[in-house]
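>>> Predicted coordinates and the sequence they were generated for:
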Amino acid sequence: MPQATMPQPSTGLGAPAPARAGSEFAPLLRTVKGQGLLDRRTGWYATRIAVNLLALAGTVAAMVFTSDTWWTLLLALPLSVFWARGAFIGHDAGHGQITRGKRTGRLIGLFHSDLLLGMSYAWWNDKHNRHHANPNHVDKDPDVGVGALVWTQRQAEHREGFARWLTRNQARLFFPMLLLEGIALKVYGFQDLKRQPPRERAVEAPLLLLHLAGYATLLLTIMSPGKALAFALLHHALFGLHLGMTFAPNHKGMEMPDPDDPEHGAWGHLRRQVLTSRNVRGGPLTDWFLGGLNYQIEHHLFPNMPRPHLRLAQPMVRAHCVSVGIPYAETSLIDSYRQALEHMHEVGAPLRK
């Protein structure tokens, strides 16, 4: 952990065994490849993309039918849910799960991220790939960097003013703050355009602007400006909450590699991904609601594994972790939120004294 006062997350599976010589991941990789679990499932994805687009079209048709009434705001809920399905497709495209060809995968990602959601595909991929390379690493993972929230007591020590108050109360404010995430994702994308090379920016900027123009035109054609604004705020709040509830259980409260700890520096791919990730138990409804990211350990070990294969790989991964003495963290959805919130609460503890 980053410092002695940082709470150690409990997985109920004991401490990880010392790293062994050689690659602990190679035998598992051979088994997974031998089962064909890294083969693409293009037909599976094509069906889900088509169904989701039809659901979105049906929701928009219902909005047109209800027209300029406050009842239309109720449709912000299904629209946010189907938007989240689109975000999951963009996420999978970015990992190369859908097609082997990068060009086709990028087109799918640009359509779902930039045009459909107004969220920069390049920004998300850059950030998300750095997260995958070093999950929960305080110096290398952008998801645990200092922002509105902080993830270690060392980060919390330097908070001042309003940020200090925010850190003291970040556990209770976490879910309310997610209501702003849908709008924040759009802002981050436009800010990232300055970083992008000219050729990439020439593609993404028009798509992001086209999304904004199309979204505003749709709402203002159906509703009065006041109702349109209310719908947009509610829709983005629910969308951000949904995505936050999907990503929050995955790593928060799990191991955080200390850059000054030689043992953490010696971790191979298997330990780096398994010890920092948490799975969420559940059935088909959980798989659907979380977009397959409830199999977070398998997803991190095999980022390009198609989503429907993650549940098939889980027994192999769990058994392999047992054989090499690595804890395999899995819990319920509610308990995953509890662990994440407890971690955020403990991070702010010194500031409450």
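Sure, I can see it. Everything numeric here is computed off the predicted structure, so don't read it as measured data.

>>> Only C-alpha atoms from now on, for both contacts and neighbour counts.
OK.

>>> so where's the protein shaky on pLDDT?
Along the chain, the model assigns pLDDT under 70 to residues 1-22, 264-265.

>>> Tell me which residue lies nearest the centroid of it.
When C-alpha atoms, centre = their mean is applied to the chain, the residue found nearest the centroid is Phe247 (4.1 Å).

>>> Now that one: phi and psi?
Torsion angles at Phe247 (phi, psi; degrees, to the nearest 10) stand at phi -90, psi -20.

>>> Contacts only, for it.
Phe247 makes contact with Leu293, according to C-alpha atoms under 8 Å, 6 or more residues apart in numbering.

>>> Tell me the spacing between it and Arg130.
16 Å (C-alpha to C-alpha, to the nearest Å).

>>> ok, now Phe88?
Counting by C-alpha to C-alpha, the gap from Phe88 to Arg130 is 18 Å.

>>> can you check Tyr337 too?
From Tyr337 over to Arg130 the distance is 24 Å, taken as C-alpha to C-alpha.

>>> higher neighbour count, these two?
Taking other C-alpha atoms under 10 Å, Tyr337 and Arg130 do not tie; Tyr337 has more neighbours (18 against 14).

>>> Endpoints of stretch 193-204, how far apart?
End-to-end for stretch 193-204, by C-alpha to C-alpha: 8 Å.

>>> can you map out the helices along the stretch 201-350 of the chain?
All helices of the stretch 201-350 of the chain, identified by DSSP state H, counting those that start in this stretch, fall at 225-247, 262-265, 269-274, 284-289, 296-301, 307-324, 333-347.

>>> for the one helix or strand Val187 maps to, packing partners?
Using DSSP states H and E, Val187 falls within helix 181-192. Using 3 or more C-alpha pairs under 8 Å, 6 or more residues apart in numbering; DSSP states H and E, the elements in contact with helix 181-192 are helix 121-133, helix 225-247.

>>> which of the residues in the last one are buried?
Judged by neighbour count (16 or more other C-alpha atoms under 10 Å), helix 225-247 contains these buried residues: 227-228, 231-246.

>>> if we can go back for a sec, so the helix holding Val187 versus helix 121-133, what angle?
100 degrees (axes from the mean of the first three to the mean of the last three C-alpha atoms, to 10 degrees).

>>> Pull helix 181-192 out as PDB, backbone CA atoms only.
Listed next in PDB are the C-alpha coordinates belonging to helix 181-192 (Å, rounded to 0.1, in the frame of the first residue of the first chain):
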ATOM      1  CA  GLU A 181     -20.500  12.100 -14.700                       C
ATOM      2  CA  GLY A 182     -22.500  12.000 -17.900                       C
ATOM      3  CA  ILE A 183     -21.900  15.700 -18.600                       C
ATOM      4  CA  ALA A 184     -18.200  15.400 -17.400                       C
ATOM      5  CA  LEU A 185     -17.600  12.700 -20.000                       C
ATOM      6  CA  LYS A 186     -18.600  15.100 -22.800                       C
ATOM      7  CA  VAL A 187     -16.400  17.900 -21.300                       C
ATOM      8  CA  TYR A 188     -13.300  15.600 -21.000                       C
ATOM      9  CA  GLY A 189     -13.700  14.600 -24.700                       C
ATOM     10  CA  PHE A 190     -13.700  18.200 -25.900                       C
ATOM     11  CA  GLN A 191     -10.800  19.100 -23.700                       C
ATOM     12  CA  ASP A 192      -8.800  16.100 -25.100                       C
END
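
>>> which outside residues touch it?
Contacts for helix 181-192 (C-alpha under 8 Å, 6+ apart): 118-120, 123-124, 205, 208, 236-241, 244.

>>> Going by distance to Ala93, which of those wins?
Trp124 (11.5 Å; C-alpha to C-alpha).

>>> Next up, the contacts around the closest one.
Gly189.

>>> rerun that using 7 Å as the cut-off
The contact partners of Trp124, by C-alpha atoms under 7 Å, 6 or more residues apart in numbering, come to none.

>>> With Leu234 instead?
Ala76.

>>> how close does it get to Phe174?
Counting by C-alpha to C-alpha, the gap between Leu234 and Phe174 amounts to 18 Å.

>>> For Val317, find the nearest of the helices and strands packed on helix 181-192.
It's helix 121-133; of the helices and strands packed on helix 181-192, that one is closest to Val317 (C-alpha to C-alpha) at 17.7 Å.
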